[in-house]
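Student: Give the three-dimensional model of this entry:
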Amino acid sequence: MQIYLVGGAVRDQLLGLEVKDRDHLVVGATPEQMLDLGYQSVGKSFPVFLHPQTQEEYALARTETKSGHGYTGFEVCSDPDVTLEQDLLRRDLTVNAIAMDDQGRLHDPCHGQADLDARVLRHVSPAFVEDPLRVLRVARFAARFHPQGFRVADETLALMAELASSGELAHLTPERVWNETERALAGPCPWVYFEVLHACGALKVLMSELADLEGVPQPKAHHPEVDTLRHTLMVLKRASELSGSVSVRFAALTHDLGKALTPQAGWPSHIGHEQRGLAPLARLCQRLKVPNAPRELAEIGCRWHLHGHRALALKPATLLRLFDGIDAWRKPQRFEEFVLVCQADAQGRLGMEDSPYPQGQWLRDALRLANQIEVRPIIQAGFSGGEIKAELTRRRTQVLADARPSPGVM
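Tutor: Prediction:
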């Protein structure tokens, strides 16, 4: 039996990054031997075990032969005679196919160290196209390692395009697509994930609502970048700088889906796009089974973001309707996330990344002022039934009117 450290642990160690998960490869062992040594079996489709003390994963060396569709359509062989090199050759990227033995020696049959030095994400073999999940994984790795200067090799991007056009992506479950997307959204450069998916044609297959934004023009005076998909990814980039929240980033990504539905006769204007965007957003969220928190914030961002931009000019009554519409009274944290989505939208434009956004502070101030009006004094003043809400609204309207920014600020 021989044990090696493999995959991301070796890759990240060589890059000088923090190693979070340590995966091990066991060559020359049987499941029975692992159990006899006290390891706990946890693998379903292939033999994986947890170390009795460290709880780190130890997988038996294996080969995989394509036998069906999707990322589960493989026949797995984990016999004791499967070699280290055979196991490494079945992996996705050369930088993930490096092993380290207990003496610290590296085993690198796929030349992953050279690609680490060159900052290239390259497939191990033509068998790359047998697993459609690799399209998403490579896009996620490109986003994750973008700060280190990594790019996807041209020939690997070509294989990803082959997968995207083959129909294999249809066999990915919604849960796996969202899982990879969510991990990318939580990473340092999520916009790169969508750029890579778009470059290989996978975005059109998996998230057509986003891909359809390409080529849709916006008024150049307000959007020097013109193209709506480019603007969308710029908004996602700005949102990523403002917040680490997956919900904020997803809402930023999907706030303008309605612009793809604007009749061409109306271009480059997009009157009513915020309402038109709700239907494609609902389809996208339903198809990918997006969790409640990002879905709800995305709906709010799509429906109300123009109100956010016009906040300084909104009448007090309209501001209160906005607060009602996004349930700001009961969910102040979600309200704050909505403000960040609006700011990202305003600053996610060419040359406007550092432009001020006073609307955000006024929205926060307005909600704080309105919240200072309490119900108890209204009841004590003799109001009852429906009169209470009417008086509450009147007092809130008045306090907002008194504090409204002057036209010079607007």
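Student: show me where the stretch 201-350 of the chain has helices.
Tutor: Using DSSP state H, counting those that start in this stretch, the helices of the stretch 201-350 of the chain run over residues 202-206, 208-211, 228-242, 246-254, 273-276, 278-288, 292-309, 316-325, 332-347.
Student: okay if I get these as TSV plus mean neighbour count, mean pLDDT and distance to E180?
Tutor: Glycine gets a C-beta too; all of them are placed from N, C-alpha and C. Shown next, in TSV, are these (neighbours: other CB atoms under 10 Å; pLDDT from 0 to 100; distance: least, CB to CB, whole Å):
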stretch	mean neighbour count	mean pLDDT	distance to E180
helix 202-206	22	98	10
helix 208-211	20	98	15
helix 228-242	23	98	16
helix 246-254	28	98	13
helix 273-276	18	97	28
helix 278-288	17	98	10
helix 292-309	21	98	15
helix 316-325	17	97	32
helix 332-347	22	98	22
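Student: Including distance to A164, could these go into TSV?
Tutor: Below are the helices of the stretch 201-350 of the chain laid out as TSV (distance: least, CB to CB, whole Å):
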stretch	distance to A164
helix 202-206	4
helix 208-211	11
helix 228-242	17
helix 246-254	20
helix 273-276	27
helix 278-288	17
helix 292-309	24
helix 316-325	38
helix 332-347	28
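Student: What separation is there between V26 and R105?
Tutor: As judged by CB to CB, to the nearest Å, V26 and R105 stand 17 Å apart.
Student: of the two, who's got more company?
Tutor: Comparing V26 with R105 by other CB atoms under 10 Å, the one with more neighbours is V26, at 23 against 9.
Student: surely that one meets M1?
Tutor: Yes. Counting by CB atoms under 8 Å, M1 is a contact partner of V26 at 6.3 Å.
Student: measure the nearest residue to P188 once chain neighbours are set aside to R119 for me?
Tutor: Distance criterion CB to CB, 6 or more residues apart in numbering; nearest residue to P188, sequence neighbours excluded, is P147 at 5.6 Å. Taking CB to CB as the measure, P147 falls 11 Å from R119.
Student: Next: T156.
Tutor: Counting by CB to CB - T156 and R119 are separated by 13 Å.
Student: before we move on, what about L136?
Tutor: 21 Å.
Student: Ok, V216 next?
Tutor: For V216, the distance to R119 equals 33 Å [CB to CB].
Student: of those two, who's got more company?
Tutor: Comparing V216 with R119 by neighbour count (other CB under 10 Å), the higher total belongs to V216, at 22 against 14.
Student: Hmm, that one is touching G258, no?
Tutor: No. The criterion here is CB under 8 Å, and V216 misses it with G258 at 10.3 Å.
Student: Which strand or helix spans T397?
Tutor: helix 386-403 (DSSP states H and E).
Student: Using PDB, write down the CA coordinates of stretch 372-380.
Tutor: C-alpha atoms of stretch 372-380 as PDB (Å, rounded to 0.1, in the frame of the first residue of the first chain):
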ATOM      1  CA  GLN A 372     -38.300  56.300  14.400                       C
ATOM      2  CA  ILE A 373     -42.000  56.900  14.100                       C
ATOM      3  CA  GLU A 374     -43.500  54.500  16.600                       C
ATOM      4  CA  VAL A 375     -47.000  53.100  16.800                       C
ATOM      5  CA  ARG A 376     -47.400  53.400  20.600                       C
ATOM      6  CA  PRO A 377     -47.800  57.200  20.600                       C
ATOM      7  CA  ILE A 378     -50.300  57.000  17.800                       C
ATOM      8  CA  ILE A 379     -52.500  54.600  19.800                       C
ATOM      9  CA  GLN A 380     -52.100  56.700  23.000                       C
END
